[in-house]
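Enquirer: generate coordinates for the sequence data below:
(one chain, ligands or ions: 1)
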Amino acid sequence: MKNLVVLISGQGRNLQALIEHCAAGTIPARIAAVVSNRADAYGLERARRAGIPTEVVPHGDYPSREAFDAALAAAIDRHAPDLLAMAGFMRILTPGFTRHYLGRALNIHPSLLPRHPGLRTHAAALAAGDAEHGASVHFVTEALDGGPLVLQGAFKLRPEDDAATLAERVMTEVELKIYPQALAWLARGDLSLRADGAWLHGRPLTTPATLDALEAAFR
Ligand code: GRF
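Expert: Next up is the predicted model:
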């Protein structure tokens, strides 16, 4: 059984999906700890309810990103993670940190990367007049929202969509499905990061997997 550590900053809806899939055995991992940079993140409550150890590393307590990332890595490594999932973790990470977890860490981002990295992705998709929007899972590397893509879910915008409806659609139609699936692949060893990018089921992912690739337990 693999040890998974989940990093959060907020609501923790993605975390909740991971808790449920680990409990059901559809992700073959146990969540060893949930780590937050904010003491008031609601996701910490979800973790406590599930009996999962929590750690808070407040970024404001550290004089630099390097010092924060060193404390964060120490908190994470106390739980001997095989896998690390950033689930709404809203801090930019230093190269030293990302190198330490290279190949073990995934992030979920609410846009069809490489479109709309960074914040306020739903407003950005609307402003750009995009026909489609969605979310992406990628390996964490030094490049902010720029690591090798693993799995994306897309849907067509509706005329009535605004930033709020898009946020909800991205979460329920895409994020809550693709993140557990990608973590199940990584936990099983079906997914790996190699020198030339992400590999799935023994083949290079020249384009990211899509919703069609979801196994029944993740649909
Ligand atoms: C998600 O949209 C995630 O993609 C983004 O932050 C949000 C976190 O939501 N990085 P939650 O904390 O999982 O509810």
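Enquirer: for Gly60, see how far away the residue lying farthest from the centre of the chain is.
Expert: Distance from the C-alpha centroid of the chain peaks at Pro159, with 28.6 Å (Cα atoms, centre = their mean). To Gly60, Pro159 is 42 Å away according to Cβ to Cβ, to the nearest Å. Every residue, glycine included, has its C-beta placed from N, CA and C.
Enquirer: over to Ala209: give its phi and psi.
Expert: The phi and psi values for Ala209, taken as degrees, to the nearest 10, are phi -60, psi 160.
Enquirer: what count of nearby residues applies to Thr94?
Expert: Here the count is done by other Cβ atoms under 10 Å, and Thr94 has 19 residues near it.
Enquirer: pLDDT score assigned to Glu160?
Expert: Glu160 is assigned 97 on the pLDDT scale.
Enquirer: residues near it, how many?
Expert: Quick note: Glu160 (other Cβ under 10 Å) scores 6 neighbours.
Enquirer: contacts only, for it.
Expert: By Cβ atoms under 8 Å, 6 or more residues apart in numbering, the contact list for Glu160 is empty.
Enquirer: just checking, it is part of a strand?
Expert: No: using DSSP: H, G, I helix; E, B strand; the rest coil, the secondary structure at Glu160 is coil, not a strand.
Enquirer: that one and the ligand, how far apart?
Expert: Computed as Cβ to the nearest ligand atom, to the nearest Å, the Glu160 to the ligand distance reads 21 Å.
Enquirer: how about Glu55?
Expert: Taken as Cβ to the nearest ligand atom, the span from Glu55 to the ligand is 17 Å.
Enquirer: phi first, then psi, for that residue.
Expert: According to degrees, to the nearest 10, Glu55 has phi -140, psi 140.
Enquirer: how about stretch 121-129 as PDB, C-alpha atoms only?
Expert: Once non-C-alpha atoms are left out, stretch 121-129 reads as follows in PDB (Å, rounded to 0.1, in the frame of the first residue of the first chain):
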ATOM      1  CA  THR A 121      -8.900  30.500 -15.000                       C
ATOM      2  CA  HIS A 122     -12.700  30.500 -15.500                       C
ATOM      3  CA  ALA A 123     -12.800  34.300 -16.100                       C
ATOM      4  CA  ALA A 124      -9.800  33.900 -18.400                       C
ATOM      5  CA  ALA A 125     -11.600  31.200 -20.500                       C
ATOM      6  CA  LEU A 126     -14.700  33.400 -20.800                       C
ATOM      7  CA  ALA A 127     -12.700  36.500 -21.700                       C
ATOM      8  CA  ALA A 128     -10.800  34.600 -24.400                       C
ATOM      9  CA  GLY A 129     -14.100  33.400 -25.900                       C
END
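Enquirer: hmm, who's touching that stretch?
Expert: Contacts for stretch 121-129 (Cβ under 8 Å, 6+ apart): 109-111, 115-116, 133, 157, 161-164, 166-167, 170.
Enquirer: at 6 Å what do you get?
Expert: Here stretch 121-129 makes contact (Cβ atoms under 6 Å, 6 or more residues apart in numbering) with 110-111, 116, 133, 163, 166-167.
Enquirer: equivalent analysis for stretch 13-25, please.
Expert: 6, 8, 27, 29, 31, 43, 46, 50, 87-88, 171, 175-176, 179-180.
Enquirer: where do the helices sit along the chain?
Expert: 13-24, 42-49, 65-77, 95-100, 121-127, 163-169, 176-188 (DSSP state H).
Enquirer: distance to the ligand for those - can I get that in TSV?
Expert: Shown next, in TSV, are the helices of the chain (distance: least, Cβ to the nearest ligand atom, whole Å):
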stretch	distance to the ligand
helix 13-24	3
helix 42-49	6
helix 65-77	17
helix 95-100	16
helix 121-127	8
helix 163-169	7
helix 176-188	8
